[in-house]
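*Asks:* Sharing a model prediction with you, sequence too.
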Number of protein chains: 2
Amino acid sequence: MAEQVETVRRAPLTRDRVLRAAVALADQTGIESLSMRNLAQDLGVVPMALYKHVANKDELLDGMIDIVVAEIDPPAAGDWKQAIRRRVLSARRMLLRHPWASLAIESRTMATPAVLAYLDSTVGALRAGGFSTDLAHHVMHALGSRVLGFSQELFDASRQAGRSGATVPEAPADLPPEMAARFPNLAAIATAASHDDDSVVGPGCDDQFEFEFALDLLLDGIERLHRDGWTSHRTP
Amino acid sequence: MAEQVETVRRAPLTRDRVLRAAVALADQTGIESLSMRNLAQDLGVVPMALYKHVANKDELLDGMIDIVVAEIDPPAAGDWKQAIRRRVLSARRMLLRHPWASLAIESRTMATPAVLAYLDSTVGALRAGGFSTDLAHHVMHALGSRVLGFSQELFDASRQAGRSGATVPEAPADLPPEMAARFPNLAAIATAASHDDDSVVGPGCDDQFEFEFALDLLLDGIERLHRDGWTSHRTP
DNA sequence: CAGGCTAGGTGTACGCCGTACACCAGTCAA
DNA sequence: TTGACTGGTGTACGGCGTACACCTAGCCTG
């Protein structure tokens, strides 16, 4: 009386099993050799079976990103500076564990829930530290591109797939109300950017300003180090 | 007496014509629809003809990167800070003109001549401003990931295609002598990193340190703004 | 128990991709 | 004249994402 007809019944596929297998495969063999066919083979299944659990390869990648972003440590209590620092370093460790992730994240349009949650709680840590929404907004841009390219172009749609250089500001595109409810801190800085400044030419998020803000922040710091004769050697 | 047999003799392909057509195509239709077949069609030629001018698609991408990187303004004379600032902003304008370039650059191993020349002359501007090679080295890392992801992992090979998380430092991998001669400033900071510090655990470029250096630079600047109640509004 | 619905795995097929390989038409040096 | 070399051609192969039709097992309802 054989328990099963002939083979040990394989555990049934689930979306989660598919995504985790995809992450493992990308970790081991690199993102460029992650194909639906290879992934299916890893799972002992025919390629088309995957499409019962993810809509297509893009959605698979989005799901993988959500999984690894969720690995970033939650924000710690206490001093905002320490909290942010730890958070960013945790994100970096995640990226080192999953070398494909950084490029994958940058190449997506990225509005996945886990990414938004990550950004939102980071903004939350800033605001808890007493930052104005205005400053928190710019700080997120400044930090963003450092830690993963995250949030760099979060608030405008102009980045889309390589549209020719037309840099029309486009719509302010603040979060839809359902999102705003789930991510209040993000909503706060998004709307802050829109209504704060009547003086500035267009509404929405001034990408150029953000870029120069971060750049000048770096340059001023660098100038200070230079002036003070900074060196990485501990004095002997 | 027809001048040509039947068709107006098409201008002969050259490597440069191929690369520029590829850049134009990527600008117009996005990098994801740049295929050897589409490119060949644009040039009025059969796909395989391209391979007489570029070895393969990866080399095509490298060539495209060289072309757009060469568009970045050369460093201006005078104040280092102004010079770097202008340079970085020029690079940014290039990236806005060629939206595909930033991802393309980050996904390559990137040791292409134009990229190295760009980095080298930037280091040169710093040194001309009196920076120690030590400081210039760290500054390049701090600036690097801001402007394009450039130089981020320039001096180590560990980034390679998604090798599993093994973060072995690997060989210091300073420039081969022929490269060192062409890019003296790069060579200076590369070797500076290797021989300066006997105290540090391993030789070579400490990636983690670079990352924290840049991060702390940002955080300190941010802290200062926060303390001073900075706001982007001009006082009314 | 019969019948049918549905979720999930299968098989085949299509059009795209990069590119290996054999070929061929001019041009030019010997 | 000849023979090599340069650059464009044609065919073909294996891999990719995925549309579409199919099958099967389990369950719900009568």
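*Replies:* Perfect, thanks for sending it. Residues are numbered from 1 along each chain as shown, chains lettered A, B, ... in the order given.
*Asks:* anything in the host helix or strand of residue A:117 sitting right up against chain B?
*Replies:* Residue A:117 belongs to helix A:113-128 when elements are defined using DSSP states H and E. No - interface with chain B: helix A:113-128 contributes nothing (Cβ under 8 Å from any Cβ of the partner chain), its closest point being 8.9 Å away. In this view, the C-beta of every residue, glycine as well, is placed from N, C-alpha and C.
*Asks:* other SSEs contacting that helix?
*Replies:* helix A:57-69, helix A:80-97, helix A:133-147, helix A:177-182, helix A:184-195 (3 or more Cβ pairs under 8 Å, 6 or more residues apart in numbering or on different chains; DSSP states H and E).
*Asks:* tell me the most buried of these?
*Replies:* Mean neighbour count (mean count of other Cβ atoms under 10 Å in any protein chain shown) peaks for helix A:133-147 among these, with a mean of 22.
*Asks:* The helix ranked longest in chain A vs helix B:113-128, what angle?
*Replies:* Taking DSSP state H as the criterion, chain A has its longest helix at helix A:207-227. With axes from the mean of the first three to the mean of the last three Cα atoms, to 10 degrees defining the directions, helix A:207-227 sits at 50 degrees from helix B:113-128.
*Asks:* Report all helices and strands that helix A:207-227 contacts.
*Replies:* helix A:133-147, helix B:80-97, helix B:133-147, helix B:207-227.
*Asks:* can you state the direction angle for that helix and helix B:80-97?
*Replies:* Going by the same axes, to 10 degrees, helix A:207-227 makes 150 degrees with helix B:80-97.
*Asks:* Which positions in chain A make contact with DNA strand D?
*Replies:* A:33, A:34, A:35, A:36, A:37, A:38, A:47, A:48, A:51, A:56, A:57, A:58 (Cβ under 7 Å from any atom of the strand).
*Asks:* Which of the residues you listed has the largest number of neighbours?
*Replies:* residue A:34 (25 neighbours; other Cβ atoms under 10 Å in any protein chain shown).
*Asks:* distance of that one from chain B?
*Replies:* In this view, residue A:34 and chain B are 9 Å apart by Cβ to the nearest Cβ, to the nearest Å.
*Asks:* Can you report how many residues lie near the residue nearest to that residue when sequence neighbours are not counted?
*Replies:* The shortest distance from residue A:34 to any non-neighbouring residue, by Cβ to Cβ, 6 or more residues apart in numbering or on different chains, is to residue A:26 (4.8 Å). Neighbour count for residue A:26, taken as other Cβ under 10 Å: 23.
*Asks:* repeat for residue A:212
*Replies:* With other Cβ under 10 Å as criterion, residue A:212 counts 16.
*Asks:* Find the nearest non-adjacent residue to it, please.
*Replies:* residue B:89 is the one closest to residue A:212 (Cβ to Cβ, 6+ apart), at 7.6 Å.
*Asks:* Against residue A:135, how distant is the one you found?
*Replies:* 23 Å (Cβ to Cβ, to the nearest Å).
*Asks:* And residue A:15, by the same measure?
*Replies:* 39 Å.
*Asks:* go on, residue A:75?
*Replies:* 18 Å.
*Asks:* again, but for residue A:61
*Replies:* 33 Å.
*Asks:* Helices - which of the residues of chain A next to DNA strand D land there?
*Replies:* Short answer: the residues of chain A next to DNA strand D in helices (DSSP H) are A:36, A:37, A:38, A:57, A:58.
*Asks:* and the third one, what pLDDT?
*Replies:* In this case it means residue A:38. The confidence metric pLDDT takes the value 98 at residue A:38.
*Asks:* Report the contact partners of the closest residue to it other than its chain neighbours.
*Replies:* Nearest-residue entry for residue A:38: residue A:25, 6.6 Å, with adjacent residues in sequence omitted and distances by Cβ to Cβ, 6+ apart. For residue A:25, the contact set (Cβ atoms under 8 Å, 6 or more residues apart in numbering or on different chains) comprises A:33, A:34, A:38, A:39, A:42.
*Asks:* Now with 7 Å, please.
*Replies:* Contact partners of residue A:25, counting by Cβ atoms under 7 Å, 6 or more residues apart in numbering or on different chains, are A:34, A:38, A:39, A:42.
*Asks:* and it, what element?
*Replies:* Going by DSSP H and E, residue A:25 is in helix A:15-29.
*Asks:* So what's the residue count around the closest residue to residue A:13 other than its chain neighbours?
*Replies:* Excluding the flanking residues, the one nearest residue A:13 by Cβ to Cβ, 6+ apart is residue A:53, at 5.8 Å. For residue A:53, the neighbour count with other Cβ under 10 Å is 16.
*Asks:* thinking residue A:53 is in contact with residue A:17, fair?
*Replies:* No - look at residue A:53 against residue A:17 with Cβ atoms under 7 Å: they stay out of range, at 8.1 Å.
*Asks:* export stretch A:53-71 as CSV, just CAs?
*Replies:* Output of stretch A:53-71 as CSV, limited to C-alpha atoms (Å, rounded to 0.1, in the frame of the first residue of the first chain):
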residue,chain,number,x,y,z
HIS,A,53,1.3,32.6,-8.2
VAL,A,54,2.9,35.7,-9.8
ALA,A,55,1.4,37.7,-12.7
ASN,A,56,4.7,38.0,-14.5
LYS,A,57,8.4,38.4,-14.0
ASP,A,58,8.2,42.1,-13.0
GLU,A,59,5.8,41.2,-10.3
LEU,A,60,8.1,38.4,-9.2
LEU,A,61,10.9,41.0,-8.8
ASP,A,62,8.7,43.3,-6.9
GLY,A,63,7.8,40.5,-4.5
MET,A,64,11.5,39.6,-4.1
ILE,A,65,12.2,43.3,-3.2
ASP,A,66,9.5,43.3,-0.6
ILE,A,67,11.0,40.2,1.0
VAL,A,68,14.5,41.6,1.3
VAL,A,69,13.4,45.1,2.3
ALA,A,70,11.4,43.5,5.1
GLU,A,71,14.7,42.2,6.4
